[in-house]
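**Student:** I need the structure of the sequence given here:
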Amino acid sequence: MKYKITPRKIIKWILPYGFVKKYMEYKNKMNEVIEPHINAINYQVNNYCNSKCVMCNVWQQKDFRYMDIQEFEKVLGDSLFNNVEHIGITGGEPSLIANLPDYFEVSIRQLKNLKGLSVITNSLATEQIKKQIEAINLTCLLNNKEFSVMLSLDGLDKIHDNNRGIEGSYEKVLNMLEWLKDKRISVLTGTTITKNNVWNLDELLFFLMNNNIYGRFRVAEFIKRLYNDLKDNTYIRNFDDDEIYQLLLFFSKLEFKYEKDPIIINTYRNIKHMLQGGKRLIECPYKNRQAINLNCHGEIAYCAPKSPIIGSITKESGIKIYIKNRKVLRDIQEKYCDNCIHDYHSEPSAKLLEIYANEKKYRELISINSYNNHKNSYKVEGHIETISNYSILIVGWYGTETVGDKAILGGIVDSYINNYGNDIKIYISSLYPFVTERTIKELNINAIVIPVYSEQYLKYSSMVDEVVVGGGPLMELDELSLIEWAFKIAKDNSSKTTILGCGIGPIYTGEKREAVREILTLADKIYLRDSKSIEQAEQLIGRSKLLLKIDDPACKYINKISEDIIVEKEHQKLACFLRELTYEYRADMNYEEFIKFKNDFEEGLASNIIYMCDKMNMIPYFYAMHNFVIGNDDRDFNIEFTSKYFKNREYYVEKRLSTVENTIEAMKSSKFNLCMRFHSVVFSDNINSNYIAIDYTTGGKIKSYLDEKKKINRMIRMKDILGRKEALSDLLDI
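**Tutor:** A predicted model of the protein is given here:
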């Protein structure tokens, strides 16, 4: 038999085998049959709208055609939809379809495996929507199907109106919310985030929480279906650095304080990751062939954001359309999916699961209990890499830093640069690295941020020349273990350990007392910020070590920055730097006693501020020294405090981010500063402003600081404020 030569064999002879193999893999992939398993439909019942949203251009279209109910029924009969369990009906604006309830009835009749239905509305055609929803809800109840309504709500008052382009639309959403709650119909809000509403999200979240309303939040995305996929849209994914950081803080608040559904939490964590430049960390039901987009003409698309129309079910089998256009789906997956921030909720990706597993591993290791069990057996070999010049790892509560902590860090870094020169290598550990990345940018520090719950943290603890606890209190916190581990590993590798400018307390439990004792025992040098902390240290370790008292490291940095800040005095401004009273400052109260005291204190504080402002012709300005949910965002307290006690009065709440510079500016420009956060006292004192300090620490760090400065006459105790509105005013003449 003659050997047959084919073109394929010739190519194989000529080209390298690896190239041929890759080509064949690509060809096989292109020919691979992809079977859809659609269980969710996103159906746009129409393509016109009565809103004028800044992130959507549907309202500019003049497309008034849509499938009538008979056409819709026929389309839903396609075998592509045999396994659908949920259909969400959107638009356009679905309420503009007069017989909207019929589309829900047909969906229930045609989709045999259907479990739930939903609708999204802008609430503008209020009375028509109510009639439609009442009919839809009854149909769903009679057929034992779940039904929910999502109302678009992008902010309070004018913020919502501006984002949605229609004056008065906010009031209509409120009307719908109350009506749906009264009717006991499942309702949630949907917030689309653009440049318009970034700085008003905290107020919106407070409104939702205060009124027991569940809401979800998404970042506006370029979406083909919304005709907004033009890069010149300045409202969509066009955030500056401050706006991105504010969104990272806000989605952290949703993640840690608000959202309970782990799938939605994954979405929010993914949004944070992508806002920092990362790739998508969650799966997508559209990408994974579990969901599909169906428009009002019977045409389908693989997804709303990036897919073109791939065919019409009115003309051809849905499955056939889906499979024959598989190259389009693959192109979308390869080009767009990694960078799509759209809130298609789904399971975590393999990458996110890996992140979770790694984080869990190190959270379990870096704990007080684990430290006590493994400190003598767990070893990390030092100097795996060579670090040129002198190197330090600054540890503590970074990743949750207040403005005061930022000033501490600035002071510590300045001190080490003065001692070792600009070539010193600085590493800073962080519980939440994005927070500390922002801090070093604000402070213009050349440093590398090391995540605490990672192998890197242990590795750098073993590699640096010195581990430094950089200010802050050694107090009743589980995170004391991160300092224990860093110090122990450093000592095992003959590195220096320093406590620099810390306070001690409050400490309530034996476990935390022993942890602080261990940290003090492992320290080579101990510099504490007040005499009371030295007394407490001596009670824990005796006089076996030299305990030195130094000024809080923030002081020098505050003075340095303050020198260059000149502002005009605003003689009507009372600048308030308050914080929520939290349970770790409970003293000897049980929980019930603490809550009562907390409420009484806040009421008394408000009465005192109002009385002081009336007496001195001042307006209260409420500033934040902390912006992160871990440790409590002071802006949240200010929003709640003013909404409760300052209705119908003039006041100002600062919503923007807090920095060392703008905190000093606020204090310098005010007539008087009312300080509750510890470092607001330190700031006010160091810039020589007129201030009163409220001692929320019950004889702790605020009293200790003012005792050291011989300014105890500027302090008032919380209990002195209760029931006496003149208490603060009596101190004005100090």
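**Student:** which residues sit in contact with residue 403?
**Tutor:** Contacts for residue 403 (CB atoms under 8 Å, 6 or more residues apart in numbering) come out as 625, 626, 658, 659, 660, 663, 679, 683. Using the backbone N, CA and C atoms, a C-beta is placed for each residue, glycine as well.
**Student:** what separation do you get for it and residue 443?
**Tutor:** Residue 403 sits at a distance of 11 Å from residue 443 (criterion: CB to CB, to the nearest Å).
**Student:** shared neighbours, these two?
**Tutor:** In contact with both residue 403 and residue 443: residue 660, using CB under 8 Å, 6+ apart.
**Student:** among the contacts of residue 403, name the buried ones.
**Tutor:** 625, 626, 658, 659, 660, 663, 679, 683 (16 or more other CB atoms under 10 Å).
**Student:** out of the residues you listed, which sit inside helices?
**Tutor:** Of the buried ones among the contacts of residue 403, the ones assigned to helices by DSSP state H are 660, 663, 679, 683.
**Student:** show me which of those is closest to residue 64.
**Tutor:** Each of those was scored against residue 64 by CB to CB, and residue 663 proved nearest at 55.1 Å.
**Student:** mind listing what that closest one touches?
**Tutor:** Applying CB under 8 Å, 6+ apart to residue 663 gives the contacts 403, 577, 623, 625, 680, 683.
**Student:** for residue 673, see how far away the third one is.
**Tutor:** Taking CB to CB as the measure, residue 623 falls 9 Å from residue 673.
**Student:** following whichever strand in the chain runs longest, which helix or strand shows up next?
**Tutor:** Identified as the longest strand of the chain according to DSSP state E is strand 496-504. Downstream of strand 496-504, the first helix or strand assigned by DSSP states H and E is helix 510-522.
**Student:** can you list the buried residues in that next one?
**Tutor:** For helix 510-522, the neighbour count (16+ other CB under 10 Å) marks 512, 513, 514, 515, 516, 517, 518, 519, 520, 522 as buried.
**Student:** on the pLDDT front, check the first one for me.
**Tutor:** pLDDT for residue 512: 97.
**Student:** can you tell me the centre-most residue of the chain?
**Tutor:** residue 252 (2.1 Å; CA atoms, centre = their mean).
**Student:** excluding sequence neighbours, find me the nearest residue to that one.
**Tutor:** What sits nearest to residue 252 in space, not counting adjacent residues and going by CB to CB, 6 or more residues apart in numbering, is residue 629, at 5.4 Å.
**Student:** so what's the one you found up against?
**Tutor:** Here residue 629 is in contact with 249, 252, 253, 256, 257 (CB under 8 Å, 6+ apart).
**Student:** how many other residues sit next to residue 586?
**Tutor:** 18 (other CB atoms under 10 Å).
**Student:** what of residue 237?
**Tutor:** Count around residue 237 with other CB under 10 Å applied: 18.
**Student:** repeat that for residue 544.
**Tutor:** Neighbourhood size, residue 544 [other CB under 10 Å]: 9.
**Student:** name the SS class of it, please.
**Tutor:** Three-state assignment for residue 544 (DSSP: H, G, I helix; E, B strand; the rest coil): coil.
**Student:** for residue 300, same thing?
**Tutor:** Per three-state DSSP, residue 300 ends up strand.
**Student:** so where's the protein shaky on pLDDT?
**Tutor:** 1-33, 228-232, 382-387, 733-734 (pLDDT under 70).
**Student:** care to break it down by domain?
**Tutor:** Following automatic domain parsing, one gets these domains for the chain: 1-32, 40-348, 374-557, 565-731.
**Student:** next, the distance between the ends of the third one.
**Tutor:** If I follow you right, that is domain 374-557. Domain 374-557 has an end-to-end distance of 39 Å (CA to CA, to the nearest Å).
**Student:** any idea how far that domain is from the chain center?
**Tutor:** Distance, stretch centre to chain centre, for domain 374-557: 26 Å (CA atoms, centre = their mean, to the nearest Å).
**Student:** same for the longest helix anywhere in the chain, what does it pack against?
**Tutor:** Identified as the longest helix of the chain according to DSSP H is helix 591-616. For helix 591-616, the elements it packs on are strand 573-577, strand 619-622, helix 634-645, helix 718-721, judged by 3 or more CB pairs under 8 Å, 6 or more residues apart in numbering; DSSP states H and E.
**Student:** now do that helix against helix 634-645, angle only.
**Tutor:** 70 degrees (axes from the mean of the first three to the mean of the last three CA atoms, to 10 degrees).
**Student:** could you pull out the helices in the stretch 151-300 of the chain for me?
**Tutor:** Here the stretch 151-300 of the chain has its helices, by DSSP state H, counting those that start in this stretch, at 158-164, 169-182, 201-210, 241-253, 262-275.
**Student:** for the third one, buried residues please.
**Tutor:** The reference is to helix 201-210. Going by 16+ other CB under 10 Å, helix 201-210 has these buried residues: 201, 202, 203, 204, 205, 206, 207, 208.
**Student:** the first one: what's it in contact with?
**Tutor:** Contacts of residue 201 were listed using CB under 8 Å, 6+ apart, and they are 155, 191, 193, 217, 246, 250.
**Student:** the fourth one reaches residue 197, doesn't it?
**Tutor:** Read that as residue 217. No - contact criterion CB atoms under 8 Å: residue 217 and residue 197 do not qualify, at 10.2 Å.
**Student:** hmm, back to that, pick the one among the buried ones among the contacts of residue 403 closest to residue 47.
**Tutor:** Within the buried ones among the contacts of residue 403, proximity to residue 47 (CB to CB) peaks at residue 658, which comes in at 44.9 Å.
**Student:** measure the closest one to residue 718 for me?
**Tutor:** Computed with CB to CB, the distance linking residue 658 and residue 718 is 23 Å.
**Student:** same question, residue 596
**Tutor:** Residue 596 sits at a distance of 13 Å from residue 718 (criterion: CB to CB).
**Student:** so which helix or strand takes in the closest residue to residue 443 other than its chain neighbours?
**Tutor:** Excluding its sequence neighbours, the residue lying closest to residue 443 (CB to CB, 6+ apart) is residue 410, at 4.9 Å. Element membership of residue 410 [criterion: DSSP H and E] is helix 403-420.
**Student:** may I have that helix as PDB, with CA atoms only?
**Tutor:** Taking Å, rounded to 0.1, in the frame of the first residue of the first chain, the C-alpha atoms of helix 403-420 are listed here in PDB:
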ATOM      1  CA  VAL A 403      -6.300  59.700  62.000                       C
ATOM      2  CA  GLY A 404      -4.500  59.500  65.300                       C
ATOM      3  CA  ASP A 405      -2.800  56.200  64.200                       C
ATOM      4  CA  LYS A 406      -1.800  57.800  61.000                       C
ATOM      5  CA  ALA A 407       0.000  60.600  62.900                       C
ATOM      6  CA  ILE A 408       1.600  57.900  65.200                       C
ATOM      7  CA  LEU A 409       2.900  56.100  62.100                       C
ATOM      8  CA  GLY A 410       4.200  59.400  60.600                       C
ATOM      9  CA  GLY A 411       6.000  60.100  63.800                       C
ATOM     10  CA  ILE A 412       7.600  56.700  64.100                       C
ATOM     11  CA  VAL A 413       8.700  56.700  60.500                       C
ATOM     12  CA  ASP A 414      10.200  60.200  60.900                       C
ATOM     13  CA  SER A 415      12.100  59.000  64.000                       C
ATOM     14  CA  TYR A 416      13.600  55.900  62.300                       C
ATOM     15  CA  ILE A 417      14.600  57.900  59.200                       C
ATOM     16  CA  ASN A 418      16.300  60.400  61.500                       C
ATOM     17  CA  ASN A 419      18.300  57.600  63.100                       C
ATOM     18  CA  TYR A 420      19.000  55.300  60.100                       C
END
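**Student:** what angle do helix 403-420 and the following helix or strand past that helix make with each other?
**Tutor:** Going down the chain from helix 403-420, the next helix or strand is strand 425-430, by DSSP H and E. Relative orientation of strand 425-430 versus helix 403-420 (the same axes, to 10 degrees): 160 degrees.
**Student:** partner strands of strand 425-430 and their direction?
**Tutor:** Strand pairing for strand 425-430, using DSSP bridges, gives strand 391-395 (parallel), strand 448-451 (parallel).
**Student:** pipe those strands into JSON lines and attach distance to residue 336 per row.
**Tutor:** Shown next, in JSON lines, are the strands paired with strand 425-430 (distance: least, CB to CB, whole Å):
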{"stretch": "strand 391-395", "distance to residue 336": "40"}
{"stretch": "strand 448-451", "distance to residue 336": "29"}
